[in-house]
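**Q** Starting from these lines, generate the structure:
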Amino acid sequence: NDLNMGPEFLGRVGVVDSAASLVGIWCYQKYLCNVAIKDILMWGSFISVPLALSDLLLISHTNRALGIPDGAFVFGSDAASSVLGEIGFLPILVLAAKICPPGVEAVLFATLMSLFNGSSVLGTEIGAIFTKLLGVTESNFENLGLLTLICTITSLYPLLFIGLLDDIDLEPETREQDTTVKL
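**A** Residues are numbered from 1 along each chain as shown. As a prediction, the model looks like this:
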């Protein structure tokens, strides 16, 4: 444990992470709710690359040479990642709400959450395969930098499909609502 981060510290990181998620939601509501979804997703992906690569500073202990303690670096990096994660996830929910036909909102949301959770599991498993292939273990960090680089680059793959958003009408629809009471 070269970084000396125990369970208590990691619990505190989780609290900061949750608070930062709330900040991300607030930022989206306050500043980004009128920005095109495609732009938020694209720029969020681009901004996430240097943020993810900053982990290389922690891995190589360069943060210490810059005068940033390991704990402060982890808190800052995780908080920034959480804010960016919420800002990137909320447009997906907004997009789903805009294209969802009336009456199937619950099914669409359940499907979206299933896909989100399934992709998270798949990503974790692929990461585990790369970790094993590169020989990164709890005592061997020799290829951890390369693993971080591979994970960061592969996080940009969804940008290959961002053009699909061009085919979707993202203008809010005006739906007539039936205000009559049926007995």
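**Q** Ramachandran angles for N143?
**A** phi -100, psi 20 (degrees, to the nearest 10).
**Q** which residues touch the closest residue to it other than its chain neighbours?
**A** Spatial nearest neighbour of N143, excluding adjacent residues (Cβ to Cβ, 6 or more residues apart in numbering): L134 at 4.0 Å. C-beta coordinates here come from the backbone N, C-alpha and C atoms, glycine included. Going by Cβ atoms under 8 Å, 6 or more residues apart in numbering, L134 touches N143, L146, L147.
**Q** ok, the second one - contacts?
**A** This points to L146. Going by Cβ under 8 Å, 6+ apart, L146 touches L134.
**Q** sec struct for it, please.
**A** Here L146 takes the helix state, with states given by DSSP: H, G, I helix; E, B strand; the rest coil.
**Q** So, low pLDDT: which residues of the protein?
**A** Within the chain, the stretches with pLDDT under 70 are 1, 167-183.
**Q** So which residue is dead centre in it?
**A** In the chain, the residue lying closest to the centroid (Cα atoms, centre = their mean) is G85, at 3.3 Å.
**Q** any idea how far it is from S48?
**A** 8 Å (Cβ to Cβ, to the nearest Å).
**Q** I figured I150 was touching F130, is that so?
**A** Yes: here I150 reaches F130: they are 5.9 Å apart, a contact under Cβ atoms under 8 Å.
**Q** name the element S81 belongs to?
**A** If you go by DSSP states H and E, S81 is part of helix 70-99.
**Q** and that helix, which residues are buried?
**A** 70, 73-77, 79-91, 94-95 (16 or more other Cβ atoms under 10 Å).
**Q** Compute the first-to-last residue distance for stretch 148-159.
**A** The straight-line separation of the ends of stretch 148-159 (Cα to Cα, to the nearest Å) is 19 Å.
**Q** where along this structure do the helices fall?
**A** 7-27, 37-53, 55-59, 62-65, 70-99, 105-133, 144-154 (DSSP state H).
**Q** Serialize these to CSV and add fields for distance to I162.
**A** Shown next, in CSV, are those (distance: least, Cβ to Cβ, whole Å):
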stretch, distance to I162
helix 7-27, 20
helix 37-53, 6
helix 55-59, 25
helix 62-65, 32
helix 70-99, 11
helix 105-133, 16
helix 144-154, 15
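**Q** mind checking which of those helices is nearest F161?
**A** Smallest distance to F161 across those (Cβ to Cβ): 10.0 Å, for helix 37-53.
**Q** Give me the packing partners of that closest one, helices and strands only.
**A** Packing partners of helix 37-53 (3 or more Cβ pairs under 8 Å, 6 or more residues apart in numbering; DSSP states H and E): helix 70-99, helix 144-154.
**Q** ok and the shortest one relative to helix 105-133, angle-wise?
**A** Orientation check (axes from the mean of the first three to the mean of the last three Cα atoms, to 10 degrees): helix 144-154 against helix 105-133 gives 150 degrees.
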